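1. With the input below, show me the fold.
(one chain, ligands or ions: 2)
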Amino acid sequence: MIGRLNHVAIAVTNIDAASALYRDTLGADVSPPTDQPEHGVTVVFVNLPNTKIEFLQPLGENSPIAKFLEKNPDGGIHHVCYEVDDILAARDRLKATGARVLGDGTPRIGAHGKPVLFLHPKDFNGTLVELEQA
Ligand SMILES: CC[C@H](C(=O)O)C(=O)SCCNC(=O)CCNC(=O)[C@H](O)C(C)(C)COP(=O)(O)OP(=O)(O)OC[C@H]1O[C@@H](n2cnc3c(N)ncnc32)[C@H](O)[C@@H]1OP(=O)(O)O
Ligand SMILES: [Co+2]
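-> Ligands and ions are numbered 1, 2, ... in the order given. Model (predicted):
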């Protein structure tokens, strides 16, 4: 069911500093920040030959990553994103196994303009999993 690793997300308190670090110290190809108000984050993508790093900074009052950063003030790996061919079929299969699909289970459009869903970290080895329709 899961396919390519689309990205590994790192939550940060300062997305400009994180971008400069990867661009200037690691020589990486870093996108400009884009606000994603419906997700409560500002995102940057570090484009790698085989996948991406997604930097996330809280945006607005009720960012879903605010609590994570309170617990991890230096930042940290926030989630992994796998691609799936059919996100609705994946959702239904996961729900049938008892996995918790976050929100109301309706896919939302993510940073790549594709439908995404999230699976509870407590059901996946303490790791927040994002699924993105390939
Ligand atoms: C623009 C879209 C972009 C894209 O790629 O397209 C994105 O990726 S947007 C990313 C931001 N959006 C989300 O993360 C949405 C899904 N996340 C959530 O619904 C919440 O963050 C949730 C439910 C995972 C955690 O909620 P909260 O921060 O309020 O903490 P809780 O106390 O409810 O957490 C319960 C339990 O889980 C542990 N936890 C929380 N976050 C993570 C994490 N990222 N990785 C691993 N574990 C996590 C938390 O510590 C609690 O554990 P406990 O042992 O009970 O303390
Ligand atoms: Co993501």
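2. what number of residues lie near the closest residue to residue 109 other than its chain neighbours?
-> Ranked by Cβ to Cβ, 6 or more residues apart in numbering and with sequence neighbours excluded, the top spatial neighbour of residue 109 is residue 115, at 6.3 Å. From N, CA and C alone the C-beta is placed, and that goes for glycine too. Applying other Cβ atoms under 10 Å, we find 17 residues neighbouring residue 115.
3. wait, residue 115 sits on residue 132?
-> Yes: assessed by Cβ atoms under 8 Å, residue 115 is found in contact with residue 132 at 7.4 Å.
4. Now do the longest strand seen in the chain: distance to the chain's middle.
-> Longest strand of the chain, by residue count under DSSP state E: strand 76-84. Mean C-alpha position of strand 76-84 versus that of the full chain (Cα atoms, centre = their mean, to the nearest Å) differs by 5 Å.
5. which helices and strands sit right next to the next helix or strand after that strand?
-> Helices and strands here follow DSSP states H and E; after strand 76-84, the next one along the chain is helix 87-96. On a contact count with 3 or more Cβ pairs under 8 Å, 6 or more residues apart in numbering; DSSP states H and E, helix 87-96 meets strand 115-119, strand 128-133.
6. Name the residues that touch the shortest one?
-> Residues outside strand 115-119 that contact it (Cβ atoms under 8 Å, 6 or more residues apart in numbering) are 79, 81, 87, 90-91, 94, 99-103, 105, 107-110, 128-133.
7. list the buried ones in that strand?
-> Neighbour-count burial for strand 115-119 flags 115-119 (criterion: 16 or more other Cβ atoms under 10 Å).
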